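Visitor: My questions are about this predicted structure, shown below with the sequence.
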Amino acid sequence: MSLFSFGNRNASVAKSFVLSPDERIHYAYSTLSGAQRRAYETICEALATGKPRATVRGLMSSNEVFEIARMVRADHPEIHWIGRGFRLASAPGYAEVHLDRTPDAPEGDDAALLAAAESFMRSLPPSADEYTIAKAAFTHVAATTRYDHATAGLDAGRDEAQMRPYEATGALIDRLAVCSGFAKAVQFLLQRCGMMAALLSGEARGASDPNDTWGPHAWLAVRIDGLFYHMDPTWTSMGRDDEGLTSGVRYDYFGLTDREIASTHRVTASPFPPPACDSTMAEYYRREGLCLHAWNETRYADMVCRQLADGKMTASVKATNDVTYRKMVDRILHSGGWQKAIGRASAMIGEPYDLSKVQFSTNSELRVLTLWARRAA
C-alpha cells in the first residue's frame, strides 16, 4: 500500500509529512504480513490524513492492535504529537485506535522538522555513502542537543504537556531532549535520506560500574550497506561549554555489535524482535582506522595527532583486546605517554596545547581511551 510519495536525499523532502509504510526504511513494518500489515497501514493512513481515529479489523485482540500501534510509533519519528501512547476502544471484530494530539505539539512543528531534514541533507556531500550519512546524522544531533535532566527526572509522572523532550522535536527544534528524543531525531534524519533505523526500547546502565542500576533507555539499530549496528546518540557528550553545546562528540557507541553493547544496553520493551547486529565493518573506530590490535606507542601518537590536526578537541583510540587496552592506559595515562603524543600534535599543527587542561576518560567495557585537549590561549 503506497499512501504518499517518498523523498530521498537527492531531491526535496516529500511534502507529505507522514511517510508511507515502506519496507526500505521502516523496520517494524518490514517484519509484518497479512492482517497485521494491513492494520499498520490503516493506522498510518489515519495519521497521515489527520483523522482522529483509525478503525482496525481482522486482528485477534485489542492487545494485538495496541502492539501494531506501538510499531507504527517506533517506525515513524515524524509522528511526534501522539504523546505517551494510543487509546483503544474495542468491540467484537474491530478496534478503534484514538489518535489524540498532545498540547505541546503545535502543527508548525511539522514544517520545522521538514526544514531540519532539508538543511541536513543539503549539508551532505553529493557522493555520501550510508556510513557517511549515518555518522553525519549522529554527529549533528549529538553536537547540538542538550540532555534534559529535569524532564528525565520526572519520567515516572510526566503528563501530556511534557512530551517534547521525548520526541524528535525536542532534539531538532528545541535542542533539548532525553534519550528517545536523541534517537528519534537521528532516525528521522536517516529515514528522510532513505535509510532504515529501528528505534530500540529497553534499559541501560553505566559502562564504568557493572553494579550500576539498569534504567529505561532508547537507542537505535541502523542499517548500513545491508547490515545493522547499534547506535546510541545520547551517550556522546565529551563535555559542554558555557552555552551548553558539546565541545566534542564521542563515537564509542556508534556501530556496535550485540555482543559489544550487551554489558550496558538490553532490549526489553520494543514491540518487535530487534535486528541482529553482528558486523564490525561500520564500527566507528575500525572504519576510521583508530583501532590498536597490539600496543604501539608511535601508532597511538599518530592516531591522536590525526584527530587533533582535524580541529577536534578530543582524540579517542580503541584497543581490540584487553591486553592492548591495559598497556595503552598504563603507558599513556599512568606513565605520562600522553605528553609525547600532545607534543607531536603541537609540532604538527604549529600551536601549543595547554597541558594543565588535558583530561582523559576511559571506557573499559569497549576498551576506548579518550584524550581531551585545548589549545593554549
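Guide: Done, it's in. Numbering: from 1, shown residues only.
Visitor: where do the helices sit along this structure?
Guide: 27-30, 34-49, 62-75, 108-122, 130-144, 149-152, 168-169, 179-192, 258-261, 284-287, 297-309, 322-328, 337-349 (DSSP state H).
Visitor: Please tabulate the ones you listed in CSV, including the columns mean neighbour count.
Guide: Any C-beta I mention is one placed from the backbone N, CA and C, and that applies to glycine too. What follows is those, written out as CSV (neighbours: other C-beta atoms under 10 Å):
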stretch, mean neighbour count
helix 27-30, 23
helix 34-49, 19
helix 62-75, 21
helix 108-122, 17
helix 130-144, 21
helix 149-152, 14
helix 168-169, 28
helix 179-192, 28
helix 258-261, 18
helix 284-287, 20
helix 297-309, 19
helix 322-328, 17
helix 337-349, 17
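Visitor: can I get those in a markdown table with distance to V18 and mean pLDDT?
Guide: Output for those, formatted as a markdown table (distance: least, C-beta to C-beta, whole Å; pLDDT from 0 to 100):
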| stretch | distance to V18 | mean pLDDT |
| --- | --- | --- |
| helix 27-30 | 13 | 98 |
| helix 34-49 | 4 | 94 |
| helix 62-75 | 10 | 94 |
| helix 108-122 | 9 | 95 |
| helix 130-144 | 20 | 97 |
| helix 149-152 | 25 | 84 |
| helix 168-169 | 13 | 96 |
| helix 179-192 | 11 | 97 |
| helix 258-261 | 31 | 96 |
| helix 284-287 | 32 | 97 |
| helix 297-309 | 40 | 91 |
| helix 322-328 | 46 | 97 |
| helix 337-349 | 48 | 86 |
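Visitor: Let me have these in CSV, extended by distance to L371.
Guide: Output for the helices of the chain, formatted as CSV (distance: least, C-beta to C-beta, whole Å):
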stretch, distance to L371
helix 27-30, 36
helix 34-49, 47
helix 62-75, 37
helix 108-122, 29
helix 130-144, 19
helix 149-152, 26
helix 168-169, 33
helix 179-192, 25
helix 258-261, 22
helix 284-287, 14
helix 297-309, 6
helix 322-328, 11
helix 337-349, 6
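Visitor: Now do the longest strand seen in the chain: which elements does it pack against?
Guide: Secondary structure of the chain per DSSP state E: the longest strand is strand 215-224. Identification of packing neighbours for strand 215-224 by 3 or more C-beta pairs under 8 Å, 6 or more residues apart in numbering; DSSP states H and E yields helix 130-144, helix 179-192, strand 197-204, strand 227-231.
Visitor: Describe which strands it pairs with in its sheet and in which direction.
Guide: strand 197-204 (antiparallel), strand 227-231 (antiparallel) (DSSP bridges).
Visitor: So which of those strands is the most surrounded?
Guide: When you average the neighbours per residue for each of these (mean count of other C-beta atoms under 10 Å), strand 227-231 leads with a mean of 25.
Visitor: ok, now which ones touch H217?
Guide: 179, 201-204, 234, 265 (C-beta atoms under 8 Å, 6 or more residues apart in numbering).
Visitor: try 7 Å
Guide: 179, 202-204, 265 (C-beta atoms under 7 Å, 6 or more residues apart in numbering).
Visitor: Return the member of these nearest to E118.
Guide: Within the contacts of H217, the smallest distance to E118 is 25.5 Å, found for C179 (C-beta to C-beta).
Visitor: Surely the closest one and P216 touch.
Guide: No. The pair C179 / P216 is not scored as a contact, 8.0 Å apart, by C-beta atoms under 7 Å.
Visitor: gap between the residue nearest to V249 when sequence neighbours are not counted and G58?
Guide: Of all residues not flanking V249 in the chain, A142 sits nearest, at 4.7 Å (C-beta to C-beta, 6 or more residues apart in numbering). Counting by C-beta to C-beta, to the nearest Å, the gap between A142 and G58 amounts to 42 Å.
Visitor: try F138
Guide: 39 Å.
Visitor: buried sites along stretch 273-292?
Guide: Buried residues in stretch 273-292, counting neighbours by 16 or more other C-beta atoms under 10 Å, are found at 274-275, 277, 280, 282-285, 287-288, 290-292.
Visitor: So which residues make contact with it?
Guide: By C-beta under 7 Å, 6+ apart, stretch 273-292 touches 27, 131, 198, 200, 221, 224, 227-230, 251, 254-258, 267, 299-300, 303, 316-320, 324, 328.
Visitor: do the same with stretch 314-327
Guide: Residues from elsewhere that reach stretch 314-327 (C-beta under 7 Å, 6+ apart): 238, 248, 250, 285, 290-295, 300, 303-304, 307-308, 328, 366-372.
Visitor: quick check, distance from stretch 267-278 to the centre of its chain.
Guide: Centroid separation for stretch 267-278 versus its chain: 15 Å, with C-alpha atoms, centre = their mean, to the nearest Å.
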